[in-house]
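Take this sequence and fold it.
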Amino acid sequence: MATLPLSSPLLYSAPRGDGHPVMVLPGFMTSDRSTRILRRYLTRLGYDTYRWDLGRNLGPRAVGVDGEHLIDKLDQIYAATGQKVSLVGWSLGGSMSAQLGQRAPDKVRQVITLGSPLRGRAQSTTVWRVYEAATGERVSSDKVREQMAEISAAPKVPTTAVYSKADGVVPWQNCRVTESDHSENLRVYGSHCGLGVNGTVLYLIANRLAQPADEWEPFEAKGIEHAIFPSTH
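Numbers count the residues shown, from 1 in each chain. Coordinates of the predicted model:
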């Protein structure tokens, strides 16, 4: 967060939004308060930005056993705006965003995940025991394995997975989306708990959201961007 003022020139150079709806999902154990800076930035760029309004992200205790509360929230935004909704999810919120993209591709415009577990074993994260205690859900259960299989499949909507090799919570290899003609993995410098207030990450989110509907293309660093972003290949 302390580096945000230094990122101001980069953030101000980001393309303006087209006003389409964007819902931002917080990470595990956090609430909409943690995404306030990100949402404020996207609103200033011209997006119709939404909180998730489901309190702290405690997995099924927040979104429902089958994610029904989150699906209802997506349906409400889609009905109110008449437009597909872009989803930006931090950590567990990104996993939920990816799952929403698989289940409701007709209502999701694109998905952007930040340090989110998108593949691999849930036990590979450093907080899986805390997750079980907080949510009451066993990460080794058949239901969780089925959900991870759904999330790790090739995405049905344009998807950008942002990851850092210095994540510290989720193995960076597990934060990568299955690659396809409409998905990409973008590496940044930073920590897991700082991704939502990381200036370069905010710029990437703005860059990705600014693409015209149905004209998604993978990110290509240009000019000074080569010096800011590490190679993802």
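
all contacts plus neighbour counts: C-alpha atoms, from now on.
OK.

Remind me which helix or strand residue 36 belongs to.
Taking DSSP states H and E as the definition, one finds residue 36 inside helix 36-44.

Tell me how far that helix lies from the chain's centre.
Taking CA atoms, centre = their mean, to the nearest Å, one finds the center of helix 36-44 at 14 Å from the center of the full chain.

Let's test this: mean pLDDT of it, rounded?
In this model, helix 36-44 has a mean pLDDT of 97.

What's the first helix or strand after it?
Following helix 36-44 in sequence order, the next helix or strand is strand 48-50 (DSSP H and E).

Pull up the pairing partners for that following strand, direction included.
Strand 48-50 has these partner strands in its sheet, going by DSSP bridges: strand 21-25 (parallel).

Name the residues of the helix holding residue 36 that are buried.
Taking 16 or more other CA atoms under 10 Å as the neighbour-count basis, helix 36-44 is seen to contain the buried residues 36, 38-39, 41-43.

Take those residues and write them to CSV, including distance to residue 182.
CSV is the format used below for the buried residues of helix 36-44 (distance: CA to CA, whole Å):
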residue, distance to residue 182
36, 28
38, 24
39, 25
41, 25
42, 23
43, 25
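
and of those, the nearest to residue 209?
Compare each of those with residue 209 using CA to CA and the shortest gap goes to residue 42, at 9.3 Å.

That closest one: what's it in contact with?
Shown in contact with residue 42 (CA atoms under 8 Å, 6 or more residues apart in numbering): 17, 49, 206.

which one among the residues you listed gets closest to residue 5?
The shortest approach to residue 5 among the contacts of residue 42 belongs to residue 206, at 16.9 Å (CA to CA).

For that closest one, which non-adjacent residue is closest in space?
Sequence neighbours aside, residue 14 is the residue nearest to residue 206 in space, at 6.2 Å (criterion: CA to CA, 6 or more residues apart in numbering).

Let me know the helix or strand that that neighbour is in.
Here residue 14 sits in a region with no helix or strand, counting by DSSP H and E.

what about it, neighbour count?
Counted with other CA atoms under 10 Å, the neighbours of residue 14 add up to 17.

hang on, the earlier thing: now the angle from the helix holding residue 36 to strand 21-25?
Relative orientation of helix 36-44 versus strand 21-25 (axes from the mean of the first three to the mean of the last three CA atoms, to 10 degrees): 170 degrees.
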